[in-house]
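Colleague: Below are the sequence and a predicted model for it; my questions follow.
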Amino acid sequence: MPGVPVNPIVRWFHQLGSPPYFDGFARRYAPWAYGLGGALMLWGMWLALYQVPADYQQGNSFRILFIHVPAAWMSLFIYGVMAVNAFIALVWRIKLSELLAMNCAPIGAAFTLITLVTGSVWGKPTWGTWWTWDARLTSELVLLFLYLGVMGLYGAIDDRRNAARAASFLALVGIVNVPIVHFSVNWWNTLHQGATIRLIGPSTIDASMLAPLLFTALGTKLWFIGSLLARTRTALTDLELGKDWVRRQLGVPR
Amino acid sequence: MPTMMLNTPPLLQAHQLAFARNDEPVFGPLDFHVAAGEALLVQGGNGSGKTTLLRVLAGLLGASGGDVQVNGKPAEREAIAEHTALLGHLLGHKGELSADENLRFALGLYGQREGITRSEALQQVGLAGFEDTFARSMSAGQKKRLALARLLLVPAPLWLMDEPYANLDLQGIALVNQMIEKHVHAGGAALITSHGAYATPAVRTRLLELTHG
Amino acid sequence: MPTMMLNTPPLLQAHQLAFARNDEPVFGPLDFHVAAGEALLVQGGNGSGKTTLLRVLAGLLGASGGDVQVNGKPAEREAIAEHTALLGHLLGHKGELSADENLRFALGLYGQREGITRSEALQQVGLAGFEDTFARSMSAGQKKRLALARLLLVPAPLWLMDEPYANLDLQGIALVNQMIEKHVHAGGAALITSHGAYATPAVRTRLLELTHG
Amino acid sequence: MASATARTALLALLRRDLLLVWRRRGDALQPAMFAVLTITLFPLALGSEPQLLARIASGVIWVAVVLAGMLSLDALFRSDLEDGSLEQLLLSPQPLALLIFGKVLVHWLTTALPVLVATPLFAAMLQLDSNLYGVLVLSLLLGTPLLSLIGAVVVALTVGMKRSGMLLALLALPLYVPVLIFGAGSVMAASQGLPYLGALLVLGAALALALVLAPLAAAAAIRIALS
Amino acid sequence: MASATARTALLALLRRDLLLVWRRRGDALQPAMFAVLTITLFPLALGSEPQLLARIASGVIWVAVVLAGMLSLDALFRSDLEDGSLEQLLLSPQPLALLIFGKVLVHWLTTALPVLVATPLFAAMLQLDSNLYGVLVLSLLLGTPLLSLIGAVVVALTVGMKRSGMLLALLALPLYVPVLIFGAGSVMAASQGLPYLGALLVLGAALALALVLAPLAAAAAIRIALS
Ligand code: HEM
Ligand SMILES: Nc1ncnc2c1ncn2[C@@H]1O[C@H](COP(=O)(O)OP(=O)(O)OP(=O)(O)O)[C@@H](O)[C@H]1O
Ligand SMILES: Nc1ncnc2c1ncn2[C@@H]1O[C@H](COP(=O)(O)OP(=O)(O)OP(=O)(O)O)[C@@H](O)[C@H]1O
Ligand SMILES: [Mg+2]
Ligand SMILES: [Mg+2]
C-alpha cells in the first residue's frame, strides 16, 4: 500500500476500511452496543414511567415524549451519518462506506416511522387531531420518503456497487431536508413546539425529565451503532462471498 | 500518406487493466496496446467480456484495476472523447430523423474530419440516395451502414468497434473490412471484437484472446 | 420408432402463401411443405422476410394471400397451437424465475411430451446443475439452451426455429444440430431460418430461398 | 402425452405471476405508494383546513386510486411483451381470455388491494368522517376490479406501441370516468345522508358484466395489436 | 479538422430534439392532455359545486401540473437511452451538463409550456377567481422549470433501470413538495388577500440556483447510473 498513514487515528480508519478487519470489529462490538444500548433505554424508560411526576397540564400522556423525542433526534442524526458515508462513498469509492450508508437507511426509516406514529398518537390528545400539514410534520414525512427512496433505488439496481453510488447520490441531494426539519419550527409558525432542550445554555425543560431523556437518547444511539454494525457485516459478507476471508470464516474449504 | 508513425506513443495502451462486477472479475488484468496504423482483434466466446472491455476503454465503465493511456497521456474523459469513436451494439440513430439529419447531429457533437463530406461518407458505405430516408425505415444492414458513415466523418483516429460484422450479410462484411483497411492505411487504428467466425481485414493485426471468467 | 410416415399428410403445407405490409409484398407467393422426418431450411439475406414467414406460419401474423394446412387440415389456431412450437428472437424466459420454474410454466401452458422429464431436458442441452439458476443470471448462450430445453419438453412435433444459431459459439451450434437430428429421426420436423453461414443438421433437408423484396 | 387443460394453464399462470410479484415485491407496493403521494400533495396544495379536506377527501382518494391504477396498468403486459412470453401465451393451445383473466386478477391483487388496505390511513390523513369508511371501502372494492378489467382492454390495444404511457392515459381516462362518478358519487351521497346503494348496485352490475366481457375483449384486442 | 465547440453542440442538440418533437407532435401535447383529464376528474369526483371548486381550483391545477410533469419526465432520457444516443452524448467531447441543460429546456418547452398556455382554460373549468390568474400563471412560470430541473436530476439517477416509472414518482415527489407548497401557497395566499410575493421570490431564488446546479448534478448522476 502506498504511503501508509502514520497518525494512529487515521491508520485505524484505514484498517477499519478493510473488510476482514471490519468484520472482526463488528463481530466483537455489535453485541456490546446492542446490550448497553438496550440497558440504557430500559433504564431511561423505567425512570420515565415511574420516577417522573405527571405533568400538571397533560397528565400522563406526555410520557410518550421519552420515545418521541429520542426517535426524532435519531431520525435526523442517522440521516447525517448516512450522508457523511454517502459522501465518502462517492468521493473515495470506499466499499465499506457504501454499505454503511445503505444500511443506515432502513434503521433511519424505522426511527422516522416511530417519530411519526408517536407524534400523531400524542397529537390526538394535545392538538385534537392525528395529523396536520404543518412544516415540521410535513418535512418529517418527506424525510421518511427520502429514506424509502434511498432504499428503493438501492434495491432497484442490479450491480451492488453502482446501486450504492446512485443511492448515495440521492442521499446527498436529500440532505437539504434535514435543516428544514430541524428549523421548521422557527421558520414557520407551527402547532409543533419549538426547541426546548439545548446542549449549550439553559434548557427550558424540567430537570427531572432531563435524565431519562438523556438515557434514552444515548441508548438509541448505541442501539443504532449495534444495528448498523450487524447489518453492514451481513451485507459485507454477502458482497464478498467469493473472497478468501469469507470462505475461511464460513469454514468453506478452498 | 504515412502508414505508421513509430516514434509516437501508441494511440491506446492498457496496463494491467481489469474489470469486476460485484467483485466478480469479468476480464482479468490485460496488457495491450494499439498503435496508429494497426488493428487489434479482440476474440472470445459468449460472455467473455468483449463488450465490457470496449465500454471500459471508451470510459463508459470505470475499470476496477490497472490504467489506460490515450496517446501517451492518462485516459481522461477529454482525451478519450477526442481520440476514440465507439460503434456499439446500439447504433444511436433516431428513427424519426433522416440519414443526413442523424449525421449532422453527430458532427455537431464531435466535429468533422477534414476532406470528407456527409454525402461522400454515405456514398462510401453504399447509402448514396438514402440521404432523406428515415432511419426507422431502414433495414438492419442499412442502419449499420449509417453508423459506419458516422465513423468515417468524425475526427477520432481510433475506432472501437463492437461486433461490426453482426447482422450483416456477406457483402456487408466485406464493406467493413474495406473501411477498416482504408482507415488504418491512412494512419488510423481500430479495435474490433468478434466471435471469430468472420474474415478479418487485411491490415497489420494483433490478436487479444479473452477467456471465460 | 419409425423415421417417416409416408401415408400421412405433411405436418405443414403452404400453398401460394404471401405476406404484404401496407400492400408492399414482404415475401412472394410461396409453395412448400414440411413432412414428418425432415427439415426445411429457410435462407435469405437481411430483410428478406424470414422472421415474417415464421410468424405467419405460427399464426401471429395473418397471411395476405394463399393458405396453410397443418397436418392436412386448414391452419386454425388450435391446430397450429397443438402441432407447432416457436423459438423466436425473443426467448420468453422470465429473468426472475429459475430455469426449472420457467420450464414448469411452459409445461403448464403446453402440456408435456412423454418420456422426458424437466431435468433430463436440461441435461440434454447441457444445463445440468442449473435448475435453480435465475434466467437473468444466465449468459446469452445458456438462455438459448434453456429455450431449446423447452422445445424438447413440449409435445409439438413441428419446431419453427428462427435463427437458432445466433449468439451461440461453435459448441452451441453443434448442440442445436444434434437436437434437430434426434428430433427429426424420432418423427418430428423442423423449419429453420439462417443467414447461411452455419453448418446445417445431418438430416433430410429441403431448402427454401427467400429473395429480397 | 400429458396435454395441458385450461385449468392447469390458469394455475400455472397464477403461480408464475404471483411468484414474480414476490420476487419483485418492492415494485408491488409502488402503486400504493403513488396513491399515498398523490393524497399527500392535496393538503399541501390546499392548505390544511380540516373541514375543506374532509369535504373533498373521498373524491381525492378516488382520483388517486384511479391515477395509481392507470399508471400501473402499463406494466400489465409490458414485461411479457418485452421478453417474448406474451407470444408464448398467444401460441399456447389455451383460451387466451382465461389467461388474461388470470393476469388481471394478479394485477388487481398486487396493485389495488394494497391501496384498499391503506384506505383507513388515507382517510385519516384527509380527516374523512369515520362513518363513511364503510361506503368508501365498499365502493373501492367494487370499483377497482372494474378499473383493472377496463384497463386491461385498453392496454391490450396499445400493447405493441412504444411510448404508450401517455396514450394509455388518454384512452383509459374517459372509460374510467363513469366508474369514478358512481364510485366517488356513492360516498358523496352517503356523506350528505342521501341514498347511496343505487350507485353501488350499478358498480356491481358493471363489474359482473366486465368480468365476463373484458377478458374476451382484451384477448381480441391483443391479437389485433400484435399482428 | 473542424472540431465542435460547446455552442455548436448545444445548438445541434436543440435542433435535433425540437425536430424530433415536431415529428412526433402528437406526443408533445400529451402531458397537457393528461393535466386536462386530471382536472376534469375533480368536478366529476366532487360534484360540481361552484364555491367548493373555486376554493380548490388553484391547488388542483398545481397538483395536476406536478403529476403531468412527473409522468412526462420518464421520457426525458428514455428514448436516448434505448437507441444508444445517450451513450453518444456521454462520449462526446462536450460538457455533459450543458447538453443536459439543452434537453431539459426542450422538455420544458414541450411539456410545461402547453400546460401554461392552457391555464386560462383550466381556471375557467374550475371557476377560479379571475383576479388570481396573474399569480397563478406567475407561480407556474417560476415553478414548472424548477420541476423540470429537479426532475432531470432524479430521472438521471434512475436512467438505466427497467420499470422505473413508479420509483421515479417515489423519488421525485418529495423533492417536488416544496415547489408545490410555495407555488400553490402563493395563489392561496393571494386568494385570501395575504402577501404572496415572498413565496414567489423563494421560487425565483430556487429556480436561479437550480438552473446552475441541477444540470451539473444530473450530469454526475447520469454517469453514476450508467456505469
Ligand atoms: C406526527 C406528529 C409529529 C412529528 C412528525 C414530530 C416530529 C418531531 C421531530 C422531527 C422532532 C425533532 C426536532 C429536532 O430535533 O430538530 C420533534 C421534537 C419534539 N416534539 Fe415532535 N413531532 C410530532 C408531534 C409532536 C407532539 C404532538 C408533541 C407534543 C405536544 C411533540 C413534542 C415534541 C417535543 C417536546 C420535541 C423536542 C423539541 C426539542 O427540544 O428539540 N411532537 N418532533
Ligand atoms: N449489465 C450487466 N449486468 C450484469 N452482468 C453483465 C452485464 N452485462 C454483461 N454482464 C456479464 O458480464 C460478462 C461479460 O459480458 P460481455 O457483454 O462483456 O460479453 P461479450 O464477450 O461481449 O459476450 P457476447 O459475445 O455475448 O457479446 C458476462 O458473463 C455477462 O453475463
Ligand atoms: N414491424 C415491422 N414494421 C414494418 N416493417 C417491418 C417490420 N418488421 C420487419 N419489417 C420489414 O419487413 C421485411 C422483412 O423483415 P424480416 O424481419 O422478416 O426479415 P428477416 O429475413 O428476418 O431479416 P433478418 O435477417 O435481419 O432477421 C424487411 O424489409 C423489414 O424492414
Ligand atoms: Mg458483446
Ligand atoms: Mg429475422
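Modeller: Ah, there it is. Ligands and ions are numbered 1, 2, ... in the order given.
Colleague: Looking at the stretch 101-250 of chain A, which residue is nearest ligand 1?
Modeller: residue A:119 (2.3 Å; CB to the nearest ligand atom). (Glycine included, C-beta is placed from N, CA and C.)
Colleague: Is that residue in contact with residue A:132, as I believe?
Modeller: No - look at residue A:119 against residue A:132 with CB atoms under 8 Å: they stay out of range, at 10.7 Å.
Colleague: My reading is that the residue of the stretch 101-250 of chain A closest to ligand 1 lies in a helix. Confirm?
Modeller: Yes - judged by DSSP: H, G, I helix; E, B strand; the rest coil, residue A:119 forms part of a helix.
Colleague: now the helices for chain B?
Modeller: Ranges of helices within chain B are B:50-57, B:77-83, B:99-110, B:118-124, B:140-153, B:170-185, based on DSSP state H.
Colleague: Of all the ones you listed, which one is nearest chain D?
Modeller: Closest to chain D of the helices of chain B is helix B:140-153 (CB to the nearest CB; 16.5 Å).
Colleague: Quick one: check the closest one for contact with chain E.
Modeller: No - judged by CB under 8 Å from any CB of the partner chain, helix B:140-153 stays clear of chain E, getting no closer than 8.8 Å.
Colleague: and the residue positioned nearest the centre of chain D, what does it touch?
Modeller: Centroid-nearest residue in chain D: residue D:148, 3.5 Å away (criterion: CA atoms, centre = their mean). Applying CB atoms under 8 Å, 6 or more residues apart in numbering or on different chains to residue D:148 gives the contacts D:69, D:73, D:104, D:107-108, D:111-112.
Colleague: can we see that at 6 Å?
Modeller: Residues in contact with residue D:148 (CB atoms under 6 Å, 6 or more residues apart in numbering or on different chains) are D:104, D:107-108.
Colleague: And the pLDDT for it?
Modeller: As predicted, residue D:148 sits at a pLDDT of 93.
Colleague: So what's the gap between the helix or strand containing it and the chain middle?
Modeller: Assigned by DSSP states H and E, residue D:148 belongs to helix D:133-157. Distance, stretch centre to chain centre, for helix D:133-157: 5 Å (CA atoms, centre = their mean, to the nearest Å).
Colleague: where does the chain have low pLDDT?
Modeller: Picking chain A for this. A:1-6, A:55-59, A:133, A:188-191, A:194-207, A:252-254 (pLDDT under 70).
Colleague: nope, chain D
Modeller: In chain D (pLDDT under 70), the answer is D:1-3, D:25-29, D:48, D:162-166.
Colleague: Show me the helices in it, by range?
Modeller: Counting by DSSP H, the helices of chain D are D:6-23, D:25-28, D:30-46, D:50-73, D:75-82, D:85-91, D:96-107, D:113-117, D:119-125, D:133-157, D:165-191, D:197-226.
Colleague: nearest to residue C:61, of these?
Modeller: helix D:197-226 (8.6 Å; CB to CB).
Colleague: gap between the closest one and the chain center?
Modeller: 12 Å.
Colleague: by contact count, what packs against that helix?
Modeller: Applying 3 or more CB pairs under 6 Å, 6 or more residues apart in numbering or on different chains; DSSP states H and E, we find helix D:197-226 packed against helix D:96-107, helix D:133-157, helix D:165-191.
Colleague: Just the buried positions in the longest one, please.
Modeller: This means helix D:165-191. By neighbour count on 16 or more other CB atoms under 10 Å in any protein chain shown, the buried set for helix D:165-191 is D:165-173, D:176-191.
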